[in-house]
Structure formats: C-alpha cells, structure tokens
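Visitor: prediction below, plus the sequence it came from.
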Amino acid sequence: MAKPKFTKDTSEWNLIKRRLRKDKQSISDVGFFGKRYGVENNNLPVAYIAQINNEGISVPPRPFMYKSISDVKKSKHYKELVVRCIRDIADGRMDRKEANTMLGNYLKAVIEQNIEDWTNPSNSPKTILLKGRNDPLIDTGTMLGSVEVKTKKTGRNSK
C-alpha cells in the first residue's frame, strides 16, 4: 500500500508574515514638537518647559514624562492593545502606521492625564492662593494642549 502524500499549504502563513514585515520602518513619536508659549512666557518652546519640569531644573522635579512611560510599561490595557494591533496587522485589518498611531495616541493620553493630575511636589502655598488650585504643570494649559503624536516612515524611503 502506497503512503498517502500530503502537501503543505503555507500561503496563508506567508501572507501573515508579509503583512507583519510590511512598513517596518514606520514609527510614532510622542511629545512636544515646535510649539511655543506666548509672549507672557518669553515665547519659550513647550518642550523646554516640559523638560525643566520633568527634570527639576530650577524648579522642584515633576517627572511626569518618566511616570507616563512607567505607567504605559505596567499597563495591562497597553499590552492588550499591542497584541490586538499585531493580530489586526497579521489579519490584514490594520497596517503598521495605523497601529503606531493608535499606540502613540495611547501614550499621548497617558501623558496628558499625568499633566492634569500632577500635584506632587505641590505648588507653593502662594502660587496655590494666586491660581486658586494646585496643578503645578498647568498654568496656561499650553503644555497640556501641546502633546502630539507624529507617525512617520524612517529609513531611506522616508519623506
């Protein structure tokens, strides 16, 4: 009796691999890009003020960016979102640029939430009295409104 011959169809697996490899050069940057405060704050770049607050340069350290990255690393929801994005790319329902934008928007929301919620170290009692509230990272709302996601291609084909 002759052995049955089996053929292996790898076309679906190869399609999934192609989808996962496609657009590997796409990334999302999240941060403060070129926006500036108004004349009331000497037209300083928002990124500069964010760094001063985050690092504690001439002000008490308010490491909201470090906290945001830590929050994302620990987030079960973020990990589930990553898995969903990979699955959707593999299934052809999403491309890598869409996934990067979605993940970037998640980090943007975390940064904005940390800016809104930041209270420690507190503003001085005098500042709290003048502002009527204790929100050290919000004076004009410019920093909060300046968090952006920029998704782009990298490498030799980037434009």
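Guide: The structure has been received and is ready for your questions.

Visitor: list the buried ones in stretch 117-135?
Guide: Trp118, Asn123, Asp135 (16 or more other CB atoms under 10 Å). For every residue, glycine as well, the C-beta is placed using N, CA and C.

Visitor: by pLDDT, give me the weakest of those.
Guide: The member of those with the lowest pLDDT is Asn123, at 84.

Visitor: tell me the secondary structure for that residue?
Guide: coil (DSSP: H, G, I helix; E, B strand; the rest coil).

Visitor: OK, contacts around it?
Guide: Listed by CB atoms under 8 Å, 6 or more residues apart in numbering, the contact set of Asn123 reads Lys131, Asn134, Asp135, Pro136.

Visitor: quick check: it vs Ile89, distance?
Guide: Here Asn123 is placed at a distance of 44 Å from Ile89 (CB to CB, to the nearest Å).

Visitor: what do you get for Asp71?
Guide: Distance from Asp71 to Ile89, by CB to CB: 25 Å.

Visitor: before we move on, what about Thr119?
Guide: Using CB to CB, Thr119 is found at 39 Å from Ile89.

Visitor: Leu103 too?
Guide: In this view, Leu103 and Ile89 are 12 Å apart by CB to CB.

Visitor: how about the contacts made by the residue nearest the centre of the chain?
Guide: Nearest to the mean C-alpha position of the chain, counting by CA atoms, centre = their mean, stands Leu107 at 3.1 Å. Going by CB under 8 Å, 6+ apart, Leu107 touches Val30, Ser68, Ile69, Val72, Val149.

Visitor: run the last query once more with 7 Å
Guide: Leu107 makes contacts with Val30, Ser68, Val72, as judged by CB atoms under 7 Å, 6 or more residues apart in numbering.

Visitor: and it, what helix or strand is that in?
Guide: Using DSSP states H and E, Leu107 maps to helix 96-117.

Visitor: what of Leu81?
Guide: Using DSSP H and E, Leu81 maps to helix 76-90.
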